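**Student:** Sharing a model prediction with you, sequence too.
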Amino acid sequence: MMFRPFPLQSFARKITKIGVQEKLRTARGHERGNRVREELHLAAHSTRSSSSVSFETSSYCGRTRFPCCEMPGQMTQNKFQVQHPKDEQVEKAYQKIVADLTTHTCPTRDVAETFRQVLEYNVPHGKRNRLMAVVHTYQLLSDGDQIELACLVGWCVELLQAYFLIADDIMDKSTTRRGRPCWYTVEGVGLRAINDALFLQGALFRVLRQNLRHLSVYHDLVELFLDTNYTTVQGQCVDMLSNPEGTMPDLSQFTEERYAAITKNKTAFYSFVLPIRAGMYLAGVSNPEQHAETEKVALKIGHAFQVQDDFLDCYSDPGHSGKVGTDIVDGKCSWLVVKALQLMSAQQSEAFAAHFGCGKPGGPDELAVKAIYDELQLADKYAAYEALVFEEIDEMLEKPWGNPSLPTVIREVKKAIFRRTK
């Protein structure tokens, strides 16, 4: 289904529900999209009157330049119902989830209190980028009648991420996350954190069922989350097998192909494909070709995001990033390692193999590896890579799209990570 385009040159036009419906084009999924929109409108009408949404900004060449390192909902000047990740509607959706998961469904009071602690410690304290990607996509592609559902689905993505992060911290033996001790290191938690992670995984599907099963896209959303979960677990497995427990890393396995498999499956799918496509489904965009078109660009953005993550793990200040980097001492297959292996001399390779995957963060082994990175000028090569990959993404967005509104959505997501510092 195709919606009224939001070209950047005329993005200031007020988009009403009637205006969008008049511009619906005949395409695969058209009838289904109408049904979704009607369902959302009826659900919204039962709680409040629907309202139109105005999109106001100035040009790409005279448009407001949004600050980097934030998702679009954090900084856009558009008159969306939800502009910031801590807006009232976002917070209300979170409190609804906490109440639903801890009030009527727990067998005992101590279980309810434990689950409440799990939620409060692990879910709401991130940047909420993925949540805002869902909400912003929905607002750009629809009239926003049912923003509460978009917020709830956004929180489901955050629940999924929290589950992944708890498990990842245990596997990586990390100590800090978001500037605080990792959940499994908190006194009284320990390996119970594994069960807590499984609780978060199950919770997101419960939230979807309780709030969206009346929609025709419910099945699509559940399948999307299931596929994302399985894809991410596969990516985590590739990552872990790159450096099996108790062995030294096999550097011959650290290839661009293996790294691409890790980034695509472990990071890109759940961080970018999932939230954007979920927002599309909620907005009534169900055309498979448009989803495939979006996924292709989202995966490229996700690859760039993981490269950034690898660079920041090595070079960022933990006081700013909130996380102590462990990729070098853990022997992770990162962009920096793959690039270094392509550039090192025989002498550097020997020194690298002796120190990589050894020691502790900040110790002599890590410093020796970082010294080799500096000799190879990897920081400069990273800057060149970042400039090139975002230029390539821009070129992909300039090509004709089945739904002219989708490049606008993806541009906003791209701006959120360009030159990020944490």
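**Tutor:** Now that the structure is in, tell me what you want to look at. Numbering: from 1, shown residues only.

**Student:** pLDDT below threshold where in the chain?
**Tutor:** For the chain, the stretches with pLDDT under 70 are 1-79.

**Student:** Let's see that with 90 instead.
**Tutor:** 1-85, 103-106, 143-146, 172-174, 179, 242-248, 316-325, 402, 412, 415-422 (pLDDT under 90).

**Student:** can you give me the strands in it?
**Tutor:** For the chain, the strands defined by DSSP state E cover 14-15, 53-54, 176-177, 180-181.

**Student:** now the nearest residue to residue 256 once chain neighbours are set aside: how far from residue 253?
**Tutor:** The shortest distance from residue 256 to any non-neighbouring residue, by CB to CB, 6 or more residues apart in numbering, is to residue 338 (5.9 Å). In this view, the C-beta of every residue, glycine as well, is placed from N, C-alpha and C. Taking CB to CB, to the nearest Å as the measure, residue 338 falls 10 Å from residue 253.

**Student:** where exactly do the helices run in the stretch 251-400 of the chain?
**Tutor:** Ranges of helices in the stretch 251-400 of the chain, per DSSP state H, counting those that start in this stretch, are 256-262, 274-282, 288-315, 318-321, 327-330, 335-343, 346-355, 364-375, 378-398.

**Student:** Buried ones in stretch 214-223, by neighbour count?
**Tutor:** The neighbour-count criterion (16 or more other CB atoms under 10 Å) identifies 215, 217-218, 220-222 as the buried residues of stretch 214-223.

**Student:** repeat for stretch 247-258
**Tutor:** 249, 251, 254, 258.

**Student:** where's the third one relative to residue 270, distance?
**Tutor:** Yep, that's residue 254 we're talking about. 23 Å.

**Student:** Likewise for the last one?
**Tutor:** Distance of residue 258 to residue 270, computed by CB to CB: 19 Å.

**Student:** Geometric centre of the protein: which residue is closest?
**Tutor:** By CA atoms, centre = their mean, the chain has its centre lying nearest to residue 271, at 2.3 Å.

**Student:** Was I right to think it contacts residue 130?
**Tutor:** Yes - in this structure, residue 271 is within contact of residue 130 by CB atoms under 8 Å, at 6.2 Å.

**Student:** what sits in contact with each of these two?
**Tutor:** Counting by CB atoms under 8 Å, 6 or more residues apart in numbering, the contacts common to residue 271 and residue 130 are residue 161.

**Student:** tally of neighbours for the residue nearest to residue 189 when sequence neighbours are not counted?
**Tutor:** In space, and not counting its chain neighbours, residue 189 is closest to residue 183: 6.0 Å by CB to CB, 6+ apart. The number of residues packed near residue 183 is 22, by other CB atoms under 10 Å.

**Student:** residue contacts, residue 183?
**Tutor:** 118, 121-122, 166, 169, 177, 189, 193, 196.

**Student:** thinking again about what came up before, closest one to residue 231 out of the buried residues of stretch 247-258, please.
**Tutor:** residue 258 (16.1 Å; CB to CB).

**Student:** Not counting sequence-adjacent ones, nearest residue to the closest one?
**Tutor:** Residue 258 sits nearest to residue 333 (CB to CB, 6+ apart), 6.1 Å away.

**Student:** Show the contacting residues for residue 257.
**Tutor:** Contacts of residue 257 by CB under 8 Å, 6+ apart: none found.

**Student:** how much space between it and residue 242?
**Tutor:** Residue 257 is 12 Å from residue 242, by CB to CB.

**Student:** ok, and the closest non-adjacent residue to residue 358?
**Tutor:** Setting aside the residues directly before and after it, residue 358 is nearest to residue 365 in space (CB to CB, 6+ apart), at 4.2 Å.

**Student:** With residue 348 instead?
**Tutor:** residue 372 (5.4 Å).

**Student:** What is the neighbour count of that neighbour?
**Tutor:** For residue 372, the number of neighbouring residues by other CB under 10 Å comes to 21.

**Student:** Quick check: it touching residue 339?
**Tutor:** No - Residue 372 is beyond contact range of residue 339, at 11.3 Å (criterion: CB under 8 Å).

**Student:** contacting residues around residue 137?
**Tutor:** Residue 137 neighbours (CB under 8 Å, 6+ apart): 275-276, 278-280, 283, 409.

**Student:** How about residue 328?
**Tutor:** The contact partners of residue 328, taken as CB under 8 Å, 6+ apart, are 314, 356-357, 365-366, 369-370.

**Student:** Look up how far residue 253 lies from residue 417.
**Tutor:** In terms of CB to CB, residue 417 sits 28 Å off from residue 253.

**Student:** same question but for residue 173, I mixed them up
**Tutor:** Separation of residue 173 from residue 253 (CB to CB): 21 Å.

**Student:** for residue 408, same thing?
**Tutor:** Counting by CB to CB, the gap from residue 408 to residue 253 is 40 Å.

**Student:** Equivalent analysis for residue 421, please.
**Tutor:** Taking CB to CB, one finds residue 421 at 30 Å from residue 253.

**Student:** how many neighbours does residue 126 have?
**Tutor:** Residues near residue 126, counting by other CB under 10 Å: 17.

**Student:** List the contacts of it.
**Tutor:** With CB under 8 Å, 6+ apart, residue 126 has these contacts: 158, 161, 178.

**Student:** pretty sure the second one contacts residue 130?
**Tutor:** It stands for residue 161. Yes - the criterion here is CB under 8 Å, and residue 161 meets it with residue 130 at 6.1 Å.

**Student:** which residues do the two both contact?
**Tutor:** Any residue near both residue 161 and residue 130 by CB under 8 Å, 6+ apart counts here, and that gives 270-271.
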